[in-house]
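*Asks:* Below is the sequence, then the predicted model.
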Amino acid sequence: MDEEDLAPGGKSVAEYATYEDFLSSQVTELDMFYLEDVNMARKLVELGYRGAREGFSREQFEATKAAIEAKKQAARQMQKHVFSAGKEFEDGMLRALQQREEANRTGKQASIFFIRDYNEFGQEISGYVDYSHRLATEDFEPIFNLRKKFLPKQTDLSFFNWETMRVMSKNSPNYEVIAKSPNGMLFRNRRDSKIVNVDPYIYSPGDNSSRTVVSTKEYISVVIFDHYNRRKT
């Protein structure tokens, strides 16, 4: 539960049907003994003279309640758009995309895919792809319906065309590209500032990260760097 969803007293605003219910929850038997008027007791809670913490206006209550409902609707909408749900895939690449789709859509993970394969012109290309960003900006239904491959683009974290020798890199909403580093290319997660090191010869890619080599017959090479998001403390 997010802290911004809590009312004074530590309970979620969602637990109260109305603002009056919330105010009443902060009124004690001692308050009623002295005041003998529930409306007056509620008003004192609203003004911050009674209750567990500072005052909590009707506008704050309604705004928080609306925000909670918006989150619920967004979550329900997200569930409808997990395109790989219920599908079965033989190739390891598609299974890997499927296994990570929901977590990357909801922000629990920020996976980076290193992909090496051929483009539509038969040119060998490779690159590092921010999976969460591509899920948010691209229709994945053709990919999960086997009508299209998941390939690096010039707008991804990095892109290299082995025939034209074209090299490009670009930051994403989830990662900052650190190209000029003694340790090779690095990616800084924007949410928790952790570094993802994609060097294949190191033991670990970094804190809260893991590396998986994918067995696939449909692509030349696929390696996944899964980063498990943690908020800054």
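*Replies:* Looks like it arrived, so ask away.
*Asks:* Am I right that Arg116 is in contact with Ser221?
*Replies:* Yes. Taking contact to mean Cβ atoms under 8 Å, the distance of 4.1 Å between Arg116 and Ser221 places them in contact. C-beta: built from backbone N, CA, C; applies to glycine.
*Asks:* any shared contact partners between these two?
*Replies:* Taking Cβ atoms under 8 Å, 6 or more residues apart in numbering as the contact rule, the neighbours common to Arg116 and Ser221 are Ser126.
*Asks:* what about those two, which has more around it?
*Replies:* Counting neighbours by other Cβ atoms under 10 Å for Arg116 and for Ser221 shows that Arg116 has the greater number, 17 against 12.
*Asks:* which residues sit in contact with that one?
*Replies:* Counting by Cβ under 8 Å, 6+ apart, Arg116 touches 124-126, 219-222.
*Asks:* where do the strands sit along the chain?
*Replies:* Secondary structure of the chain (DSSP state E): strands located at 112-118, 124-130, 158-161, 166-169, 175-178, 186-189, 195-197, 209-213, 221-227.
*Asks:* CSV please, covering these and showing distance to Arg105 and mean pLDDT.
*Replies:* Putting the strands of the chain into CSV (distance: least, Cβ to Cβ, whole Å; pLDDT from 0 to 100) gives the following:
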stretch, distance to Arg105, mean pLDDT
strand 112-118, 15, 98
strand 124-130, 13, 98
strand 158-161, 23, 97
strand 166-169, 24, 93
strand 175-178, 17, 95
strand 186-189, 17, 96
strand 195-197, 19, 96
strand 209-213, 19, 97
strand 221-227, 14, 98
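*Asks:* Put together TSV for those, with distance to Phe140 on each row.
*Replies:* Listed next are the strands of the chain as TSV, based on distance: least, Cβ to Cβ, whole Å:
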stretch	distance to Phe140
strand 112-118	13
strand 124-130	12
strand 158-161	19
strand 166-169	22
strand 175-178	19
strand 186-189	22
strand 195-197	22
strand 209-213	19
strand 221-227	16
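*Asks:* Can you check which of the ones you listed gets nearest to Glu59?
*Replies:* Set against Glu59 and scored by Cβ to Cβ, the strands of the chain come closest in strand 186-189, at 35.6 Å.
*Asks:* mind checking how far the residue nearest the centre of the chain is from Val82?
*Replies:* Central residue check for the chain by Cα atoms, centre = their mean: the C-alpha nearest the mean position is that of Gly107, 1.1 Å away. Look at Gly107 and Val82: by Cβ to Cβ, to the nearest Å, they are 14 Å apart.
*Asks:* where in this structure is pLDDT low?
*Replies:* For the chain, applying pLDDT under 70 flags the ranges 1-13, 23-38, 40-56, 72-81, 231-233.
*Asks:* ok, back up a step: nearest to Ser132, of the contacts of Arg116?
*Replies:* So of these, ranked by how close each gets to Ser132 (Cβ to Cβ), first place is Val222, at 16.8 Å.
*Asks:* I figured the closest one hits Ile115, correct?
*Replies:* Yes. Contact between Val222 and Ile115 holds when scored by Cβ under 8 Å: they sit 5.6 Å apart.
*Asks:* just to revisit the earlier point, surely the residue nearest to the centre of the chain touches Asn229?
*Replies:* Yes. Distance between Gly107 and Asn229: 6.0 Å, which falls inside the contact criterion (Cβ under 8 Å).
*Asks:* where along this protein do the helices fall?
*Replies:* The residue ranges that make up the helices of the chain, judged by DSSP state H, are 19-25, 29-35, 38-47, 58-80, 92-106, 131-137, 141-144.
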